[in-house]
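[1] Kindly return the folded structure for what I paste below:
(one chain, ligands or ions: 2)
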Amino acid sequence: MKTDQFQSPDYYQLDDLLSEEHLLVRQSARDWVKREVTPIIEDYAQRAQFPKQLIKGLADIGAFGPYIPEEYGGAGLDQISYGLIMQEIERGDSGIRSTASVQSSLVMYPIWKYGTEAQRQKFLPKLASGEMMGCFGLTEPDHGSNPGGMVTNFKDKGSYFLLNGAKMWISNAPFADVAVVWAKDETGRIHGLLVERGMDGFSTPETHNKWSLRASATGELIFDNVKVPKENLLPGKSGLGAPLGCLDSARYGIAWGAIGAAMDCYDTALRYAKERIQFDKPIGATQLQQKKLAEMITKITKAQLLAWRLGVLRDQGKATTAQISMAKRNNVNMAIEIAREARQVLGGMGITGEYSIMRHMMNLESVITYEGTHDIHLLITGNDITGLQAFK
Ligand code: TGC
Ligand code: FAD
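    Ligands and ions are numbered 1, 2, ... in the order given. Model prediction:
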């Protein structure tokens, strides 16, 4: 069992920008991660298993629907609080943060925003408490960065919709009770459908052999003539903009989450550099190692400022999709660079499971790919500043 010595860096006194509530929310998530996640996560990652026992704790710290109104079981918090919760969870492990991101922003959010009142009442309180788990099916085997090309489709059969197709790379799929599935109707328009476990023809095989996000369960969603009741269609929004709207919220959470992973790597490397003696002095007393550490804290501080400002803009309803893309892209890239540098500070010890760095580094390879790849987010920024689209 591991002792968690993490000390959170705050080089620019950013805590002064946070309210009492923000600090309390962060402390409760931080304490929970130290108590429940750190001691077990390496073992679960090594065994490639999702620690299901963490679901209740995630619900208790408000990680399932932090900004969903309390009347639906959410925590009713603001966007900065949501970000801080994601930061603390990802400080523990990106895979656990994934579970919370998917549940909150990709399952609860579309039900809250696009669902009927009956759908909200049926699903949201149970998703908030963790009694029910969800997943989000957008990506397909042949349509990843280009989800608009999806082929999963449904036909109106009078009293139900008949759903066919397949999704892949779906976080939480192997154990989800409900899947928010994006599929085309007979006219080619995209809609969201709530597909529930147990529906005939619906299966969720697990994806194995991942070197990344090993403590997160990933799977496929297969629809073989699934009869979906008509009341399971999300009526509030259709078109590609509907799933992309959910991604805005999840990508924002990732921009904060990545800071948590980076902080953990930096903090570990800093402590190690002060303690590890080579050539009769701490390696932290050498210019080369100080350069690495100084650059890490500079990058973390810039990422914190970006995330905080984006949170303020989101709370004011002013954040744009392109601003969110910039923060997701910058902060995940920052975290992966820091993980790689931090691992080097630890020398050979850096490759072992005694320290969290290599696990973070491998996890971040997924984080830099999902919710829009590093390249796609650059193209979103390019499109925004030039007005010229370079995807197609
Ligand atoms: P494009 O023509 O740009 O847009 C299509 C329609 O959507 C509208 N729109 C948005 N609406 C709301 N919110 C947004 N953020 C929106 N962005 C675009 C847009 O106005 C348009 O509307 P309309 O009415 O004109 O039709 O679409 P495109 O086909 O050119 O694609 C653009 C592109 C490439 C940026 C987009 O498709 C994209 O973001 N691709 C990346 C795919 C992606 O991020 N997939 C994520 C899958 S989910 C996942 O990875 C979960 S991981 C979970 C975890 O474990 O944490
Ligand atoms: P591709 O789209 O095939 O891209 C391959 C490469 O080509 C990338 O480098 C990309 O940047 C580049 N590329 C693509 N198009 C262009 C272009 N126009 N110009 C320049 N370069 C381009 N999806 C879900 O729906 N739900 C989930 O819960 C989910 N969870 C995931 C969990 C994990 C662990 C992983 C790895 C993925 C998950 N995804 C999920 C899927 C994820 O969103 C996709 O992997 C991602 O969007 C990229 O799609 P792709 O893998 O098909 O890569």
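[2] For the stretch 251-392 of the chain, what lies in contact range of ligand 2?
    Residues of the stretch 251-392 of the chain lying close to ligand 2 (CB under 6 Å from any ligand atom) are 366, 369, 370, 371, 373, 375, 376, 391. Heads up, the C-betas are built off the backbone N, CA and C, glycines and all.
[3] Repeat the analysis, applying 8 Å as the threshold.
    Counting by CB under 8 Å from any ligand atom, the stretch 251-392 of the chain comes close to ligand 2 at 366, 369-376, 379, 390-392.
[4] In helices, which of those fall?
    366, 374, 375, 376, 379 (DSSP state H).
[5] Only whichever of these are buried, select them in ChimeraX.
    Of these, the buried ones go into a single ChimeraX selection, burial set by 16 or more other CB atoms under 10 Å:
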select :366,376,379
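[6] Mind putting the ones in helices among the residues of the stretch 251-392 of the chain next to ligand 2 into a markdown table with pLDDT?
    Shown next, in a markdown table, are these (pLDDT from 0 to 100):
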| residue | pLDDT |
| --- | --- |
| 366 | 98 |
| 374 | 98 |
| 375 | 98 |
| 376 | 98 |
| 379 | 98 |
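[7] Pick the one among the ones in helices among the residues of the stretch 251-392 of the chain next to ligand 2 closest to ligand 1.
    Looking at those and their distance to ligand 1, the nearest is residue 376, at 4.8 Å (CB to the nearest ligand atom).
[8] Grab the nearest non-local neighbour of that closest one.
    Excluding the flanking residues, the one nearest residue 376 by CB to CB, 6 or more residues apart in numbering is residue 145, at 5.2 Å.
[9] Which stretches in the stretch 251-392 of the chain count as helices?
    In the stretch 251-392 of the chain, the segments counted as helices under DSSP state H, counting those that start in this stretch are 287-315, 321-345, 357-367, 374-386.
[10] Ligand 1 next: which of the residues of the stretch 251-392 of the chain next to ligand 2 are close?
    Within those, those near ligand 1 by CB under 8 Å from any ligand atom are 366, 369, 370, 371, 372, 373, 376, 379, 391, 392.
[11] Would you mind giving me the PyMOL syntax to select the buried ones in the residues you listed?
    This is the PyMOL syntax for the buried subset of those, where burial follows 16+ other CB under 10 Å:
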select buried, resi 366+369+370+371+372+376+379
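[12] would JSON lines of the ones next to ligand 1 among the residues of the stretch 251-392 of the chain next to ligand 2 with distance to residue 192 be doable?
    What follows is these, written out as JSON lines (distance: CB to CB, whole Å):
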{"residue": "366", "distance to residue 192": "24"}
{"residue": "369", "distance to residue 192": "23"}
{"residue": "370", "distance to residue 192": "19"}
{"residue": "371", "distance to residue 192": "17"}
{"residue": "372", "distance to residue 192": "19"}
{"residue": "373", "distance to residue 192": "23"}
{"residue": "376", "distance to residue 192": "21"}
{"residue": "379", "distance to residue 192": "25"}
{"residue": "391", "distance to residue 192": "23"}
{"residue": "392", "distance to residue 192": "24"}
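[13] In terms of helices and strands, where is the spatially most central residue of the chain?
    By CA atoms, centre = their mean, the chain has its centre lying nearest to residue 98, at 3.8 Å. In the assignment (DSSP states H and E), residue 98 maps to helix 94-101.
[14] gap between that helix and the chain center?
    Counting by CA atoms, centre = their mean, to the nearest Å, helix 94-101 is centred 5 Å from the centre of its parent chain.
[15] For residue 236, find the nearest of the helices of the stretch 251-392 of the chain.
    Residue 236 sits nearest to helix 321-345 of all those, at 18.6 Å, using CB to CB.
[16] Now do the buried residues in that closest one.
    323-339, 341-343, 345.
[17] what stretches of the stretch 1-150 of the chain score poorly on pLDDT?
    Within the stretch 1-150 of the chain, the set of residues satisfying pLDDT under 70 comprises 1-2.
[18] For it, what lies in contact range of ligand 1?
    So far as CB under 8 Å from any ligand atom goes, the stretch 1-150 of the chain lies against ligand 1 at 95, 97-99, 101-102, 106, 136, 138-139, 144-149.
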